[in-house]
Each structure stands twice: as structure tokens, then as C-alpha cells.
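# A predicted structure for the sequence below; I have some questions about it.
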Amino acid sequence: MLNGFTRSTWQLVAAIIGALYGLGILAFVVAGLVALSFAPEGVAWTTAVLGGSVLVLGWVIVPLVLRGIDQTLSIEKLRSFPIPAGRLLVALLICGVLGIPGIVTALAGVATALSWLRDPIALIAAPFCAVVGVLTCVAASRTVESLTSSLGSKRRYRELMGVLVFIPVILAGPILIAAGQGLATFSADLPTIARTLSFTPLGAAWSIPGDLAAGRGLEALAKAGIALATLALLLLLWRRGLASALLAPPVADTGSSAKGLGPFRWFPATPTGAVAARAAVYWLRDPRYGGSLITVPLIPVMAVVLAITTDSDWMLYAIGPAIAALLMITLTAEISYDGTAFAAHLSTGVSGRADRAGRVLTLSLFSVPLVVLATVVPLIVLDRLDLVPVLLGLGLGIMLTGYGVSSVASTRFLLPVPAAGESPFKSPQGATLTTALITYLVWIIAFALAIPEIVLAIIALVTGDMLFGWLTLAVGVVLGTVLLFVGIDRGGRSLDARGPELLSRLRRANGA
Amino acid sequence: MTDAAPPPVTPPAPPAAPAAEASPAAPAAPAAQAPQTAPAVSAAQSAPAEPALRITGLRKSFGAKAAVDGVELTVPRGSFYGLVGPNGAGKTTTLSMATGLLRPDAGTIEVLGHDVWSDPTRAKALVGVLSDGIKLFDRLTGEQLVTYHGLLNGMDRETTAQRVGDLLDLLDLREAGRTLVVDYSAGMTKKVALACALVHAPRLLVLDEPFESVDPISAANIRDILHGYVDGGGTVIVSSHSMDLVQRMCDHVAVVANGRVLAEGTTDEVRAGSTLEDRFVELVGGRRHNEGPSWLRTS
């Protein structure tokens, strides 16, 4: 770990920040644990078991997700050294405990003893149990890693995890709200949950001091057995995993193989169809495309959470139009995502219109049904089918208009995007401001062009007149479609005229 | 795939899509003066009316630096043309402009009589391009990528499928056809890019550094394929800074440095009895009043 610091100042800074963060958590935890010693022993026990279980789970899950970010001591790198598996296991175990997460966990674990300040037997037992618990954390983490080490070398997996890891980050707000409320309602059940967990490998070690304090000696003994057996089993599995990984390197990424032509068979065999098929493959395979959709499923989740917490349901009506507004800007980045591969379109002389139309086609194939579903389903649930035409007209109108606008916009502006293969959430320098400006610009123009259906929708919602509802639907779809075709045409011509200049800028953006 | 003569790639393949426009002309036959009428087949074999590529007065500056400074090039039909020059000589810039990827500041470029910048659709249909330093759509499998290029050129599904199969076999990529291009080695990537350049049966192949980071066996295979293509009546332009390779492979050569053509002609004419490499050093070194010491330029 120390060697890593010499490599870069920023790594050192990151490590220090990490350490401070860990210390902060630790101080918080220790303070809490001391406070617990004054609380009724049941509470301390519940907290210890639940916290410990979450800790073990965290140790298993986090490295799986963050695989590829920290591989300082991955087995692949150690394979070339002649170290026997047994000794390597001990070394890795110690390293695991001595890393920042390990130290924090260990200190927090030992600090659980503080909750038992008033109970001598538990106070003595707690540090030993904590050691077992911490070792279990590290061993479980490493076992899972060694058993799945071949998985980490798969590009597909790394990319998937790169996207998934951001879901909790984006959802942090709603999760906290929900967790707070959930905790309030479930707090009565927590001891029961803790009791169940305390007999599983997750919570056993953490439960022993509490059991001793409560005089459940026999249970404590049983749990000690469970905890030790868990640790032994994990070590055994880990050792076997290590030994086999050291002997037979996991097969390197031979590349995922796809069967046949895939989307190229489904779309018509025209330049437009080809662009659409290529876009379809990219929507499925390039995490940057999928990453831009990650916020879409979150909209309904947030709307539902907001609706429950604030006791009003207007957000539920807005799900469809909101998703439409989000989707309409996804096209803006497409040429930027292509990077210099866009040269293929230039050198084959494919018309700009075919390029634009193909991309819109693929996006529409899933976005139109998505918006329809997102609009209609909540209304069915709320039993407000009378609102379907208004909201559908609004959503589709905004989306189609937006596709037209972004078809033009993406030939005028290049967004600074992560290069192919980079993390979809890695933003290049200066990207945030540029991207935000262009996004707002597209939104403003699209909303301005969609004023007719927006006005109609407002009238319909205020008056409740079905006629205006149907009018909104008609105007939204017709006007949106017209603007879409205008956008494809203008964007196509712009692409024909400016293609080489775009490519030059793409080359520069990619440092070529 | 062996190093022995490969099945010849016949460029003017059966009419398919835009490429068909110029296809009726037999391989070695020149197009007639008026491109919009069906080309009349003339008997002249040695001096075709329209060269495969004619570049006149080509200029391109990046900021204050003139990357291409008045390039004049005539690439005869059916030639295997080498473009050699030091790094930064303007080879890539010239070829980018010749293939419609970069807009020239001045000058004209004609492919078989069609101006690349005023009649891009027709000109581009006649050219196959392998660019250096640009990415491919590498999330596609090899088969999908070549198919994509075929369809972008407006070919129909059956023709595309058949040619993709042929090309994958020819380039020994059949196995890898189902793997994503992003997982290919550098040599395989070059080969699949070559397949993309060939799929619409172009009359002219423009290859920028096709042998860079390609292993010797793949390079030999690619050379065989290119020779087969030229024997079938196609024209190949290759940029390279490997003099040896160009001398062995190409029948015509142009030496480019500082954005100008220093020498042009058949390989034997240009090297004038000495080796191409010595001649190159002599030519380029003789012009070193521009910038940089000559020892930096001896490839």
C-alpha cells in the first residue's frame, strides 16, 4: 500500500481522505457503542448483531462491485511468485485486516466491547468474538473474490458493475427516506430479525457477548460454534480457491461471443436499417448508452416515494412526460459516443439523413412503448383513465419533438463524453458545464417547439374537458412527428455538410 | 490461409448498389470522359484516360502549419502505389482528404474521374478506406462490423452476407467473426478493417499504415490479398514508413515530406538504381532546410 503512494500525490490524497472518512465513521461508531452500554442490553445486542451482519455482507458485496478499482493484491498479480497457498492465505488475511477498511472494521469490532462495560463476562468475550468476526469479514470477502476471480477479467461483468454501482448513489435520497420510514415501522421487529440473523454465519460472532450478558450461555456456545465453523469453512474454501487459482490461471477474457448478426438481421437491409441495427447493438452492449438510461427506472421509484411521503399523487401523473423529457436528450450524445468510428459513416458516404433516421428508429422502438407504459400504467392504478389522452399526447409530443431537436443538435455540438470502454460515469475534463449547457439548450428549444401541446394539455387538465385531452394527443403526435422529420432532414443535411469537420473535432477529442 | 497465392479479389464485382455505377467498365478499362454516361470500353491498356486517383494542388493547414502544401499525385489504374514519408509528412492528411474524411483548403481530388468533394456519393462508392488512428465500431462482432459497412454502402442483404463470408474466410477471420472487435488483437483489427474496406468491391483501396502492428504472417497474408486485388484490376494506395516493404510490394511510389511530393513514379524510376531507403534519405535529407536535423528523419 505504501508503494502506491509514491506513484501519485493524488492517490495519497485519496488515501488520506479515505482514512479520515474511516476515522470519522469509527468515532461515530465508538461513541454510539459507548452510549449503548447505558442502554438496555437488548438494544446493544440487537445493534451488534444487525451491524455485524451488515458489515459481513458489505465485505462480500463491495469488492464484487468495485472489482477492477483496487487490484493491488489480486491473485492474478501474485501468481508469478513462488508462494505456497497456505502462506499466501495468511499474508492476504493480514493485509486484508491492515487495509483501511480492515483497520476500521477491526477497531469497530473491538470497540463493541465498549457496549458491555457494565457486564464483565461479555466485556472479556467481546474482543475475541470481534476478532473472529473481523477475520470472517476478510475471509468471506477474499473467498468470494478468489472463487470469482475469473469473472473479474470479463469486460462485460466489469462494465455491468460499473453501471450498477451508481444505482445506490443516485437513489441515496429516496433510500434514506424509505429506510428512515422503514426503520420506524420495523423497529418493533428488529429484535426478531436480529435473533434469526444471530444463528446464521452473518451474525453469529457478533451475537455472543450479548447472549452471555443476557445469561444465555448455551446459545452463546452454539453461536461460537457456528462462528468458528464459518470461519474455518471460509478459510478452507479460500485456500482451495487460491491453490487452484495459483496453479491454473483463470482463462483470460476470450471475449463474449455473439451468435450471428443479431439486430442486423431484424432491421431492413438499407443504410438506415444498418445504422438502426448498429445503434441497437450499442444500446445493448455499450455501457455508456445503458448508463444514460439508468435514471429512467429511477423516475417512477422517486415518484412513488415522493407520492407516499408527501401524500399527493401529481408526481405519478408526471412519470410518462418526465421519462419522455429525459429520453429525448439521449440522442444528443450519439455522435460523440461514436468517436472516430464515425469515420465509417463518412468514408462509406452514407447520407446524413439515413444516419439520423437510423438512430431515431432504434431509440423510438423502445422509448415509445416505454413512455406509453409509463403514462398508462400509473393512470390505471390511480383509476384516472380519462387523463390518458392528455398525458400521452404531452409525453409523446415532447419526446418526438425532442428527437427532432437533438437530431440537429448532435450534428452541431459534440459533448465531451467518456471514450468507448471507459466508465460511463467518468466525466472528461470540463464536461459537466458543457454537457449541462447543451442539454438545457436542447430542452429549451424542444419545450418551446412543443408549446402547442403543452398549452393544450394545461387547458385540458384545468378544465377537465375530454375534447382538449384528445386534441393534445392529436397535436402532440402529429406536430411531434412533423418536427421529428424536419429534425432528421435538417440534421441529415447538416451532417452531410459538416461531417468532415465533426470528424476532425472527434479526432481531437480523442487525442488522435 | 497460406502465403501462397490467395484467391484473387476481383474488385469490380457484380453490380451491387451505388458501386454498380462504375462497375460495367472492365477492370483494366478506363472510364469514358463523361462520367454520367455509361463508360465506353476503350482498348488502351497502358494509358487509361482517367487515373484511379488524381490529386492536384492539394493544401491543408492546421493553424499556421501547412500539413499538406501543394500535393500533386497521379495514381494510375491497376497500380500498387506506395506513399512513403517521414512521420508528419502529410501522408495521413493527404489520404484523409482523398477519402472525404478531411476537407481540403484548396485543390481537387478525383477518383476515376469523380470529384471526391463535389460528387462525394459516387466517388466514395468507388473507394475502400482503411484509416490509421481511428476507431472502429468495436462493440460489434467482426461479422457484424463488415456487414455494417456493406449495408452502409447500400448493398442488399444477400450480397452482403455472401461477401462478408468470403472476406472472413479470405482474411482468416471466420473463427473470430463472432467475437467483439474490441477484444481483437491489433493485427486482427487491421484485418477486419481491411475487410470493411473491401466489402463493397471498391475500384480503389486507400490504406493508411495497413501493416502497422500487424505480425509478419498476417502482413504477408494481407500483401497477398492486395496483390490479388491489383491483379484483378483494382488499384491500391498504401502509406507506410517501411521503405523495404514498399520497395518489395509496390510498383509505383511517391516520396512525401513536409507536405510536398518530392519524387513520384514507378518504384524503379524513383529509386534510380539505389535502394528506396537510400534514395528516400537522400531526397528528404536534401530538403532539410525546413526544420529538424536530418538524423531524425532517417526512418
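Yep, that arrived.
# What segments of chain B are helices?
Secondary structure of chain B (DSSP state H): helices at B:91-98, B:120-126, B:142-152, B:157-170, B:186-198, B:216-231, B:243-249, B:267-271, B:276-285.
# Just the CA trace of the third one, in PDB.
Written as PDB, here are the backbone C-alpha positions of helix B:142-152 (Å, rounded to 0.1, in the frame of the first residue of the first chain):
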ATOM      1  CA  GLY B 142     -16.300  -8.900 -36.700                       C
ATOM      2  CA  GLU B 143     -19.100 -10.300 -38.800                       C
ATOM      3  CA  GLN B 144     -21.500  -7.500 -37.800                       C
ATOM      4  CA  LEU B 145     -18.900  -4.800 -38.500                       C
ATOM      5  CA  VAL B 146     -18.200  -6.000 -42.000                       C
ATOM      6  CA  THR B 147     -21.900  -6.400 -42.600                       C
ATOM      7  CA  TYR B 148     -22.500  -2.900 -41.300                       C
ATOM      8  CA  HIS B 149     -20.100  -1.500 -43.800                       C
ATOM      9  CA  GLY B 150     -21.700  -3.400 -46.600                       C
ATOM     10  CA  LEU B 151     -25.200  -2.200 -45.700                       C
ATOM     11  CA  LEU B 152     -24.000   1.400 -45.200                       C
END
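# That helix - contacts with which helices or strands?
The contact analysis (3 or more Cβ pairs under 8 Å, 6 or more residues apart in numbering or on different chains; DSSP states H and E) places helix B:142-152 against helix A:263-266, helix A:271-285, helix A:343-347, helix B:157-170, helix B:186-198. The way it works is simple: take the backbone N, C-alpha and C, and place the C-beta from them, glycine included.
# who wins for proximity to A:D355 among the helices of chain B?
With Cβ to Cβ as the criterion, A:D355 lies closest to helix B:142-152 of the helices of chain B, at 9.0 Å.
# Mind listing the residues bridging to the closest residue to B:V236 other than its chain neighbours?
In this structure, B:V236 finds its nearest non-sequential neighbour in B:L205, 4.6 Å apart by Cβ to Cβ, 6 or more residues apart in numbering or on different chains. Counting by DSSP bridges, B:L205 is bridged to B:G128, B:V236.
# buried residues in the lowest-mean-pLDDT helix or strand in chain B?
Least confident helix or strand of chain B, by mean pLDDT, DSSP states H and E, is helix B:276-285 with a mean of 78. For helix B:276-285, burial by neighbour count (16 or more other Cβ atoms under 10 Å in any protein chain shown) applies to B:276-277, B:279-281, B:283-284.
# what about that helix, distance to the chain center?
23 Å (Cα atoms, centre = their mean, to the nearest Å).
# got the contact list for that helix?
Applying Cβ atoms under 8 Å, 6 or more residues apart in numbering or on different chains, the contact partners of helix B:276-285 are B:84-86, B:243-244, B:246-247, B:253, B:255, B:257, B:262-263, B:267, B:270-272, B:274, B:294, B:297-299.
# tally of neighbours for the closest residue to B:A254 other than its chain neighbours?
Of all residues not flanking B:A254 in the chain, B:E264 sits nearest, at 4.3 Å (Cβ to Cβ, 6+ apart). When neighbours are defined as other Cβ atoms under 10 Å in any protein chain shown, B:E264 has 19 of them.
# I'd assumed B:P76 was in contact with B:E264.
No. If you go by Cβ atoms under 8 Å, B:E264 and B:P76 don't touch, sitting 11.0 Å apart.
# Return every residue with contacts to both of these two.
By Cβ under 8 Å, 6+ apart, the residues touching both B:E264 and B:P76 are B:H252.
# ok, B:M155 touching B:V164?
No. Using Cβ under 8 Å, B:M155 is not in contact with B:V164, being 9.8 Å away.
# what touches both of these two?
Common neighbours of B:M155 and B:V164 (Cβ under 8 Å, 6+ apart) are B:V199.
# neighbours around residue 117, how many?
Going with chain A. Neighbours of A:L117 (other Cβ under 10 Å): 14.
# my question was about chain B
For B:W117, the count of nearby residues is 15 (other Cβ under 10 Å).
# for the one 5 residues further on, same thing?
The burial count assigned to B:R122 is 20, neighbours taken as other Cβ under 10 Å.
# And it, how far from chain A?
8 Å (Cβ to the nearest Cβ, to the nearest Å).
# That residue and B:D115 touch, don't they?
No. Look at B:R122 against B:D115 with Cβ under 8 Å: they stay out of range, at 9.1 Å.
# for chain B, what are the nearby residues on the stretch 301-450 of chain A?
Selection of the stretch 301-450 of chain A residues close to chain B by Cβ under 8 Å from any Cβ of the partner chain yields A:338-341, A:343-351, A:420-421.
# Could you work out the most separated pair of these?
A:S351 and A:G421 (29.1 Å).
# okay, these two: which has more neighbours?
The neighbour comparison of A:S351 against A:G421 (other Cβ under 10 Å) goes to A:S351, with 18 against 15.
# The more buried one reaches A:R493, doesn't it?
No. Contact status for A:S351 versus A:R493: not in contact, 9.3 Å apart, counting by Cβ under 8 Å.
# Send me stretch B:59-72 as PDB with only the CA atoms.
Extracted in PDB, the C-alpha atoms of stretch B:59-72 (Å, rounded to 0.1, in the frame of the first residue of the first chain):
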ATOM      1  CA  ARG B  59      -3.400  22.100 -49.500                       C
ATOM      2  CA  LYS B  60      -4.300  21.800 -45.900                       C
ATOM      3  CA  SER B  61      -3.100  23.900 -42.900                       C
ATOM      4  CA  PHE B  62      -3.700  23.200 -39.300                       C
ATOM      5  CA  GLY B  63      -3.300  26.600 -37.700                       C
ATOM      6  CA  ALA B  64      -0.100  28.200 -39.000                       C
ATOM      7  CA  LYS B  65       1.400  24.900 -40.000                       C
ATOM      8  CA  ALA B  66       0.800  23.700 -43.600                       C
ATOM      9  CA  ALA B  67       0.400  19.900 -43.200                       C
ATOM     10  CA  VAL B  68      -0.100  19.400 -46.900                       C
ATOM     11  CA  ASP B  69       1.400  22.100 -49.100                       C
ATOM     12  CA  GLY B  70       0.500  21.700 -52.800                       C
ATOM     13  CA  VAL B  71       0.500  17.900 -53.300                       C
ATOM     14  CA  GLU B  72       0.200  16.700 -56.900                       C
END
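# Up against chain A, what does the stretch 1-150 of chain B have?
So the stretch 1-150 of chain B meets chain A at B:18, B:99-103, B:120-121, B:123-125, B:127, B:129, B:131, B:133-141, B:143-144, B:147-149 (Cβ under 8 Å from any Cβ).
# Would you write a ChimeraX line that selects the buried entries of these?
The following ChimeraX line selects those of these that are buried, judged by 16+ other Cβ under 10 Å:
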select /B:18,99,100,101,102,120,123,124,125,127,129,131,134,135,136,137,138,139,140,141,143,144,147,148,149
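# got a list of what A:T310 touches?
With contact set as Cβ under 8 Å, 6+ apart, A:T310 has no partners.
# List the contacts of A:A140.
By Cβ under 8 Å, 6+ apart, the neighbours of A:A140 are A:56, A:59-60, A:234.
# For it, pull up the helix or strand it's in.
Assigned by DSSP states H and E, A:A140 belongs to helix A:120-147.
# Give me the buried positions along that helix.
Judged by neighbour count (16+ other Cβ under 10 Å), helix A:120-147 contains these buried residues: A:122-123, A:125-126, A:129-147.
# centre of the chain versus it, how much separation?
Distance of helix A:120-147 from the chain centroid (Cα atoms, centre = their mean) equals 29 Å.
# That helix - what's its average pLDDT?
The pLDDT scores in helix A:120-147 average 80.
# can you check stretch A:393-413 too?
Averaged over stretch A:393-413, pLDDT sits at 88.
# next one: stretch B:115-128
For stretch B:115-128, the mean confidence score works out to 85.
# what do you get for stretch A:442-454?
Mean predicted confidence for stretch A:442-454 is 87.
# Can you show me the CA trace of it as PDB?
Output in PDB follows, covering the C-alpha atoms of stretch A:442-454 (Å, rounded to 0.1, in the frame of the first residue of the first chain):
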ATOM      1  CA  VAL A 442     -31.900  21.100 -26.300                       C
ATOM      2  CA  TRP A 443     -34.600  21.100 -23.600                       C
ATOM      3  CA  ILE A 444     -35.500  24.700 -24.000                       C
ATOM      4  CA  ILE A 445     -35.800  24.500 -27.800                       C
ATOM      5  CA  ALA A 446     -37.800  21.300 -27.600                       C
ATOM      6  CA  PHE A 447     -40.100  22.600 -25.000                       C
ATOM      7  CA  ALA A 448     -40.500  25.800 -27.000                       C
ATOM      8  CA  LEU A 449     -41.400  23.900 -30.100                       C
ATOM      9  CA  ALA A 450     -43.800  21.700 -28.000                       C
ATOM     10  CA  ILE A 451     -45.700  24.800 -26.700                       C
ATOM     11  CA  PRO A 452     -48.900  23.900 -28.600                       C
ATOM     12  CA  GLU A 453     -49.400  20.500 -26.900                       C
ATOM     13  CA  ILE A 454     -48.200  21.900 -23.600                       C
END
